[in-house]
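1. Fold the following, please.
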Amino acid sequence: MSAPDFDPRAFAAPRYWPTWLALGLLRALSTLPLAWQFRLGSGLGLAMHFLHRPRRHLARRNVDACFPDLDAAERTRLVRETFRHTGISVIETGLAWWGDPRRLQRWARVEGLEHLNAALAAGRGAIVLTGHSTALEIGGRLLGLHIPMQVMFRNASNRLVDAVALAARTRNFGRVLRRRRVRETLRGLQDNLPTWYAPDQDFGRKGTVFVPFMGVPASTLLATARLAQMSGAAVVPYFPYRLSGARGYRLVIQPALEGFPSDDPVADARRVNEVLAAQIAEAPAQYMWVHRRFKTRPPGAPPIY
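-> Here you go, the predicted structure:
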């Protein structure tokens, strides 16, 4: 989809002034050295960890469920590190939306781009399977520097943020879709576009099965295999990581899944979760543990939150 013309005059009301200030600050921070941005983001994240008790509790419940082998002190450190990376992701938003492509390319190390190109050689697009990493926004922008992509867009509650985000993603990617528009997604795959796809959130009971996610039974979409079956597109795992010491980013693209989809949709859903779990295990603190991944529970299972 193309972005509608963005008219700042439509957001001149006083209620948008704080948002304008925040967006201006993000854009200004995007010009700083990367190490400074990481430090500011870390500080913001630690402040969020201290001040936002409900989110801290939510992250702790997720970590407790997924990492039972860690002792209490290790889980506490993991939650704190998760908030630090969450804060960095906020600052990175400006970098993802307005960052100079030349600077961004210097900071990114892409591994396995040949796997994505091999999948696209079949001419049926590629489903870029990933999860909700805290480096999601910047990772998408960095991958988009190498190849046009089709990405999903979820409406923001603030109309100004929504308009700016849509304009930025439309400018930076090949095509932007509102979420759950299957026909448009298929059209992009037919146009041989790699399509960003993250099925690792809780969508309730409709169109889902309960299979393990990080060892915990979780409501998991069946749609990944269905989309691959309808389109004939290969499913190519991908995950972005921040490098330690503010050295930049590592984007890992793995070979397309073989034998996917199979004739067993439940096994396919389990396999998707296993792929995502292996990616998350590489850098657990960089995953978005602050969302309600286990909101929907199997019949008879106790609540996690």
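
2. Now for Asn155: which residues touch it?
-> 162, 178 (Cβ atoms under 8 Å, 6 or more residues apart in numbering). Backbone N, C-alpha and C define where each C-beta goes, glycine included.

3. again, only using 7 Å
-> Counting by Cβ atoms under 7 Å, 6 or more residues apart in numbering, Asn155 makes contact with Asp162.

4. if I look at it, how far off is Ala163?
-> Relative to Ala163, Asn155 is positioned 10 Å away (Cβ to Cβ, to the nearest Å).

5. Equivalent analysis for Ala47, please.
-> Distance, Ala47 to Ala163, using Cβ to Cβ: 28 Å.

6. Which of the two has more residues huddled nearby?
-> Counted by other Cβ atoms under 10 Å, Ala47 and Ala163 do not tie: Ala163 has more neighbours, with 19 against 12.

7. Do a quick rundown of the helices in the stretch 101-250 of the chain.
-> Counting by DSSP state H, counting those that start in this stretch, the stretch 101-250 of the chain has helices at residues 101-107, 113-120, 136-144, 159-172, 182-190, 223-231.

8. Comparing these, which comes out most buried?
-> Greatest average neighbour count among those goes to helix 136-144 (a mean of 24), per mean count of other Cβ atoms under 10 Å.

9. What is that one packed up against?
-> For helix 136-144, the elements it packs on are helix 72-98, strand 249-253, judged by 3 or more Cβ pairs under 7 Å, 6 or more residues apart in numbering; DSSP states H and E.

10. Swap in 10 Å and give it another go.
-> Secondary structure elements in contact with helix 136-144, counted by 3 or more Cβ pairs under 10 Å, 6 or more residues apart in numbering; DSSP states H and E, are helix 72-98, helix 101-107, strand 108-111, strand 150-153, helix 159-172, strand 194-197, strand 234-242, strand 249-253.

11. Show me what counts as buried in the first one.
-> Residues 75, 78-98 are the ones in helix 72-98 that count as buried (16 or more other Cβ atoms under 10 Å).

12. Next one: Asp5, what pLDDT does it get?
-> Per-residue pLDDT puts Asp5 at 66.

13. swap that for Arg141, please
-> Note for Arg141: predicted pLDDT of 96.

14. Just to check, it is in contact with Arg103?
-> No. In this structure, Arg141 is not within contact of Arg103 by Cβ atoms under 10 Å, at 11.5 Å.

15. between those two, what contacts are shared?
-> Between them, Arg141 and Arg103 share these contacting residues under Cβ atoms under 10 Å, 6 or more residues apart in numbering: Leu95.

16. Please identify the buried residues of the helix or strand of the chain with the lowest mean pLDDT?
-> Ranked by mean pLDDT, DSSP states H and E, the weakest helix or strand in the chain is strand 175-178, scoring a mean of 84. For strand 175-178, the neighbour count (16+ other Cβ under 10 Å) marks 175-177 as buried.

17. again with stretch 147-154
-> For stretch 147-154, the neighbour count (16+ other Cβ under 10 Å) marks 147, 149-153 as buried.

18. and Gly99, what does it touch?
-> Counting by Cβ under 10 Å, 6+ apart, Gly99 touches 27, 30-31, 34, 37, 92, 107, 138, 141-142, 145, 172.

19. Can you give me every residue that contacts Phe213?
-> Contacts for Phe213 were tallied using Cβ under 10 Å, 6+ apart; they are 65-66, 131, 200, 202, 219-220, 269-270, 272-274, 276-277, 280, 293-294.

20. Kindly report the same for Glu81.
-> Taking Cβ under 10 Å, 6+ apart, we find Glu81 in contact with 42, 45-46, 49, 283-286, 289.

21. how does it look with 6 Å?
-> By Cβ atoms under 6 Å, 6 or more residues apart in numbering, Glu81 lies in contact with Ala285.

22. roughly how far out does stretch 291-305 sit from the chain middle?
-> Its chain's average C-alpha position is 22 Å from that of stretch 291-305, according to Cα atoms, centre = their mean, to the nearest Å.

23. got the CA coordinates for stretch 59-73 in CSV?
-> Extracted in CSV, the C-alpha atoms of stretch 59-73 (Å, rounded to 0.1, in the frame of the first residue of the first chain):
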residue,chain,number,x,y,z
ALA,A,59,8.1,-10.0,32.0
ARG,A,60,9.0,-11.8,35.2
ARG,A,61,6.0,-14.2,34.8
ASN,A,62,7.1,-15.0,31.2
VAL,A,63,10.7,-15.5,32.2
ASP,A,64,9.7,-17.7,35.2
ALA,A,65,7.6,-19.9,32.9
CYS,A,66,10.2,-20.2,30.1
PHE,A,67,13.4,-20.5,32.1
PRO,A,68,12.6,-22.7,35.1
ASP,A,69,16.3,-23.9,35.2
LEU,A,70,17.6,-20.5,36.0
ASP,A,71,17.8,-19.5,39.7
ALA,A,72,15.8,-16.5,41.0
ALA,A,73,18.8,-14.1,40.8
